[in-house]
Every structure is written in C-alpha cells, then in structure tokens.
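Asker: sequence unknown, structure follows:
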C-alpha cells in the first residue's frame, strides 16, 4: 500500500512570485483525495512537486508503494509517438530505463552486427526481462483491449495522435490502475472522457485499493469518488475530511471562522495600540507609569510579531462579456455530411440563437465536426456550411495553440486584437488573468488559465457562433459558472461538445454522435447510447 506526505512545503515560481507557502497534508493508505481550488492556485504544481518533477524551496515530500503519474495534458500528445511509447511513459522507472537500453541496442544491431553489439543486445534483453518488461506487456494487452478493443500487438505501433483524447486518457488510466504502483497522482483524469468513461473511472477509483491524489473540477466525479478534499488557495492548503457533498458548507463555515478570528485580532490590535498611546502620554508626567508603558510596548510588539490569523480567501470575480451579433436565420446547414471514416451522412440545420450540445462516445467525430465548422481542413463528403454573417469562434479541446507559445496574455490580447496595454489589462482582469499572470508565457499558464484566455480571445474576436470543444474541462467551479452566465447573455449561436453533465443541462438541443456512425437528435442529454431510440 502507498501514501503521500507533504511537510512544510514552500515553492516560488521562476519569476520570484511565491506560489505555495508552508503546505502540509497527508494522504493515507487507500485514501482517494481530491485537490481543488482556483485555476492557477498551484494544484498541478503541487502534484509535480510530489512527483519529483520540481524541487521545493523548502519542505519535503515522502511517498511509498511506487508512484504512478498522469500528466494534465496527456490527451494533447501530437508528436508522432506510438501507443507503446505512451504506455511506456507511465510504466515504472526500471521498465522505462531498461526499455531505453533495449531500443538503443536494437538500433545498434541495425547498423552493425558484430559480436560486441550482439552481446550488448543480449544483455539489454536480459535487463528488460529482469525489470519486468515482458510481464508488463501482458498487462498492456489487457489495457489496450479494455480501452481500444484490440490486443497490444495489434496497436503498439499505432500513432497516439490517431486516438481521441478520451481513448488516450482511458488507456493511461487502465495502465496505472492495473499497474504495480500503489500511489497514483492523476491530473484531470476525467478530461476527454465521455460520460460512460467518467462513470467507469468513478467506479474504478472506488474499487481500487491504491492511494490516489487527483485534480478534478467535475463535481459529480468528486462527489462519487473522493474521500476527502484538499483545497489549494491563497498559497496554503486545508483539508476537508468529509466528501464533496459537504465541502461547500465546510468551506463557508471555515471562511466565516477565519473572518471572525481576523475581526477579533484587529480589535485586540487596535486596543493594544490605544493602550500604548495612553500610557505613553501618562508616562511623560508620571514616572510611575513608565514600567506599565514599557510592558505595554513589549506586549504590542510580541502581538504584532505573532501576526494576524490566516485571512479568508477572496472569492473569484470573473466577468465574461460574450457579445455575438445577429446573423441569418440558419447558422449551420449540413446536407448529406459525412466525416470520412467517422459517421454516416446526415442532414442538420441549426438556427440563430440555438444552444446545441454535441454528445457521444470518444472517437465518434464530435471534435472533427467542430473543426469543420470552424473552417479547418477536415476530410468529408457532402455539405457542411455556415449561414449568412456567421463568424465562427473555435475553442480547442487540447489548448494546442502553437501560435500563442512564447507570448504572454498581455502581448496576445494587444497584438491579436489591436488593444492598448491598459485596455488589454482591463480585459484580462475581468478573467482573473491580470497581475503577474498577464506577463507569463502562454505555455506556463495552468490549464484553466489557458482556457479562460481562449474564451477571452473569443469574446474579443467578434464571433457570432461559438464552437466550444469541452470548454469546462480545465475550468474551476467559479470559471465554469462565469462561462455559463456569459453564454446565457451571448447573442448568437452556440455549438458545444461536452461530457460535463452539469454544463449540458443548459442547452436547447442535443445531438448524439453514435459509435455506430449515426447522428441522432434527442430531447434531453443522453449519455448511454443504449437509451437512444433507434429509428424504425
């Protein structure tokens, strides 16, 4: 069995800004703990510190049972790696090291076939065997069958970028949950999973005896799978020992206590200062009061050195002003549209002002459909076109925006939308992206901050139709609620791919992209395709 213990951890960002200060908590054997908090508060950084990817300024991290890690953007792999490479990336260190030596030996054998190279190759095979490499490949076979429906030998050379984000996540989760590591760090494990996949993950987390520390913003998953909630906010951490269903009330009560303690501290501080002033005045004409004056000074100094109690965290104030604009009555017209290899031909009309949720299993073509409407080059037959005066704005699921890398939010808003710096900063402030965040490079932002910046760019673009691909995946609760409010006020059409059960409830129409290639419309969200009525 495994555990994680963080003791007095302090971390400062490379630009000198403090992020985490004297953080301590413990996740015991078999506990499922969820890290929650505002985007950018340090949840992913804290996981990376526990994983050993980063070094703290002070404090320590201890874990046992082996550490299996899922990175936040595992679903965004687009570099030509294979399924074998993806599985190897979450294998134990000893297997990865032995596999690297074996690969190097195999490449050497292709260049020359002398005795020395053969001996090196034989030793690499022995090392890989001793490390458990061939044993873990048997495990991977079970994982690929469960996640992809095919044996490992049939898919190991398949490029990862041919898998949907959900298939990638499911494959990695299968490998970690079935693997030898007894402590798992999972950063947004539910992102890219469809709802049946999320329900599978909830059950798997409940069933596994492993210790799990995860980051998630899916309230349903948190309620169903987390034993305790570890909140990261204002540079510190506090732990709610109950589940998510009682978390909101516990946080309100905690903040009320902190505010009361701070009020009492301020009152006592003011009282001591008044006492010192009064005794100082009396000591000027009464030598007998000098000792009392000096004692009061000492008491005030010690009181101030001890410092005030922890301050209640400030609630986020995010204001998304998605405007839109009037378009023709028909916003989207599809006639015999077929995305090659993904779906059968279908007809569809979406009218101005409608909110359409696109649901369905991973790999069914939902993201490709949005990309086609956004004007990207997607192989298809038939017609898929936009109506008059429709200006699409696309929110990408993977946040893969190479044109934004190396640039700061302030620079991006100024150059992309011809804003003066003070105008850019005002807009960023409404999205809680001002201050130091505005001067960070795009790739260093948290997933939620990147998502909020993408939404701001949509706001400034003048889009009259929003194409949103899993927009709430990386958003914290406050940001997701702000997005919902912004969409309610948006004067235009919204088409959103989502697996967020709460977010989908606010839409008008529901398109289900079935695993059988059919596209159907349902009157309410349908997450289990078996419930979709088949045409007679």
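Answerer: Received the coordinates, thanks. Quick caveat, the model's predicted, so the values are computed rather than measured. Numbers count the residues shown, from 1 in each chain.

Asker: would you map the strands across the stretch 151-300 of the chain?
Answerer: With DSSP state E, counting those that start in this stretch as the definition, the stretch 151-300 of the chain shows strands at residue ranges 183-187, 211-215, 228-233, 236-240.

Asker: so residue 244 sits right up against residue 222, yeah?
Answerer: Yes: applying C-beta atoms under 8 Å, one finds residue 244 in contact with residue 222, separated by 4.0 Å. In this view, the C-beta of every residue, glycine as well, is placed from N, C-alpha and C.

Asker: anything in contact with each of the two?
Answerer: Residues touching both residue 244 and residue 222 (C-beta atoms under 8 Å, 6 or more residues apart in numbering) are 34, 229.

Asker: what does stretch 301-317 contact?
Answerer: 38, 233-234, 236, 255-256, 258-259, 261-262, 265-266, 268-269, 272, 432, 476, 478-479.

Asker: can you rerun that using 10 Å?
Answerer: Residues outside stretch 301-317 that contact it (C-beta atoms under 10 Å, 6 or more residues apart in numbering): 37-39, 41, 231, 233-236, 238, 251, 254-266, 268-269, 272-273, 276, 429-432, 476-479, 481-482.

Asker: low pLDDT regions in the stretch 301-450 of the chain?
Answerer: Counting by pLDDT under 70, the stretch 301-450 of the chain shows low-confidence ranges at 398-400.

Asker: equivalent analysis for the stretch 51-200 of the chain, please.
Answerer: Along the stretch 51-200 of the chain, segments meeting pLDDT under 70 span 74-79.

Asker: for it, what spans make up the helices?
Answerer: Per DSSP state H, counting those that start in this stretch, the stretch 51-200 of the chain carries helices over the ranges 83-89, 93-111, 115-130, 133-148, 152-155, 165-178, 195-207.

Asker: out of these, nearest to residue 288?
Answerer: Evaluated over the helices of the stretch 51-200 of the chain, closeness to residue 288 peaks at helix 195-207, with 70.4 Å, by C-beta to C-beta.

Asker: in that closest one, which residues are buried?
Answerer: Applying a neighbour-count criterion of 16 or more other C-beta atoms under 10 Å, one finds 195, 196, 197, 198, 199, 200, 201, 202, 204, 205 buried in helix 195-207.

Asker: report how many residues lie close to residue 511.
Answerer: When neighbours are defined as other C-beta atoms under 10 Å, residue 511 has 21 of them.

Asker: that one against residue 369, yeah?
Answerer: Yes: using C-beta atoms under 10 Å, residue 511 is in contact with residue 369, at 8.7 Å.

Asker: now the common contact residues for the two.
Answerer: What both residue 511 and residue 369 touch, as defined by C-beta under 10 Å, 6+ apart, is the set 348, 358, 360, 495, 497, 519.

Asker: quick check: the fifth one vs residue 467, distance?
Answerer: In other words, residue 497. In this view, residue 497 and residue 467 are 9 Å apart by C-beta to C-beta, to the nearest Å.

Asker: give me the common contacts of these two.
Answerer: Shared contacts of residue 497 and residue 467, defined by C-beta under 10 Å, 6+ apart, comprise 358, 367, 369, 370, 395.

Asker: ok, the second one to residue 452 distance?
Answerer: It refers to residue 367. 20 Å.

Asker: the more surrounded of the two?
Answerer: Between residue 367 and residue 452, counted using other C-beta under 10 Å, residue 452 has the larger neighbour count: 30 against 23.

Asker: gap between stretch 57-64 and the chain center?
Answerer: Distance, stretch centre to chain centre, for stretch 57-64: 23 Å (C-alpha atoms, centre = their mean, to the nearest Å).

Asker: over to stretch 240-255?
Answerer: Computed by C-alpha atoms, centre = their mean, the chain-centroid distance of stretch 240-255 equals 22 Å.

Asker: buried ones in that stretch, by neighbour count?
Answerer: Residues 240, 243, 244, 247, 250, 251, 254 are the ones in stretch 240-255 that count as buried (16+ other C-beta under 10 Å).

Asker: repeat for stretch 3-10
Answerer: 3, 4, 6, 9.

Asker: quickly note the distance from the third one to residue 310.
Answerer: The reference is to residue 6. As defined by C-beta to C-beta, residue 6 lies at a distance of 18 Å from residue 310.

Asker: again, but for the second one
Answerer: Spatial separation of residue 4 from residue 310 under the definition C-beta to C-beta is 23 Å.

Asker: now swap in the first one and tell me
Answerer: Shown here: residue 3 relative to residue 310, a distance of 26 Å by C-beta to C-beta.

Asker: ok, now residue 227?
Answerer: Noted for residue 227: a distance of 25 Å to residue 310, by C-beta to C-beta.

Asker: more neighbours, the two?
Answerer: residue 227 (18 against 14).

Asker: my guess is the more buried one contacts residue 243. True?
Answerer: Yes: contact criterion C-beta under 10 Å: residue 227 and residue 243 qualify, at 6.7 Å.

Asker: overlap of the contact sets of the two?
Answerer: Taking C-beta under 10 Å, 6+ apart as the criterion, residue 227 and residue 243 both touch 32, 34.

Asker: that older thread, please identify the most buried of the helices of the stretch 51-200 of the chain.
Answerer: Mean neighbour count (mean count of other C-beta atoms under 10 Å) peaks for helix 165-178 among those, with a mean of 23.

Asker: got the angle between it and strand 183-187?
Answerer: 170 degrees (axes from the mean of the first three to the mean of the last three C-alpha atoms, to 10 degrees).

Asker: what angle separates helix 165-178 from strand 211-215?
Answerer: Using the same axes, to 10 degrees, helix 165-178 lies at 160 degrees relative to strand 211-215.

Asker: look at the closest residue to residue 80 other than its chain neighbours and say how many residues are nearby.
Answerer: Excluding its sequence neighbours, the residue lying closest to residue 80 (C-beta to C-beta, 6 or more residues apart in numbering) is residue 159, at 5.8 Å. Residues near residue 159, counting by other C-beta under 10 Å, number 15.

Asker: so how far is residue 85 from residue 159?
Answerer: Using C-beta to C-beta, residue 159 is found at 9 Å from residue 85.

Asker: circling back: could you export the strands of the stretch 151-300 of the chain as TSV, including distance to residue 405?
Answerer: Formatted as TSV, those follow (distance: least, C-beta to C-beta, whole Å):
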stretch	distance to residue 405
strand 183-187	20
strand 211-215	23
strand 228-233	26
strand 236-240	31
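
Asker: relative to residue 47, which of the ones you listed is closest?
Answerer: In terms of C-beta to C-beta, the element of the strands of the stretch 151-300 of the chain nearest to residue 47 is strand 183-187, at 5.1 Å.

Asker: pull up the pairing partners for the closest one, direction included.
Answerer: Sheet pairing of strand 183-187 (DSSP bridges) gives strand 67-70 (parallel), strand 211-215 (parallel).

Asker: of all those, which lies closest to residue 153?
Answerer: Among these, the nearest to residue 153 by C-beta to C-beta is strand 67-70 (23.5 Å).

Asker: where is the longest helix in the chain?
Answerer: Longest among the helix segments of the chain by residue count, using DSSP state H, is helix 247-283.

Asker: tell me, what residue is most central in this protein?
Answerer: With distances taken as C-alpha atoms, centre = their mean, residue 474 lies nearest the centre of the chain, 3.8 Å away.

Asker: can I assume it is in contact with residue 395?
Answerer: No: Residue 474 is beyond contact range of residue 395, at 11.1 Å (criterion: C-beta under 10 Å).

Asker: anything in contact with each of the two?
Answerer: 451, 454.

Asker: quick one: the helices in the stretch 301-450 of the chain?
Answerer: For the stretch 301-450 of the chain, applying DSSP H, counting those that start in this stretch gives helices covering 366-373, 409-416, 421-430, 447-461.
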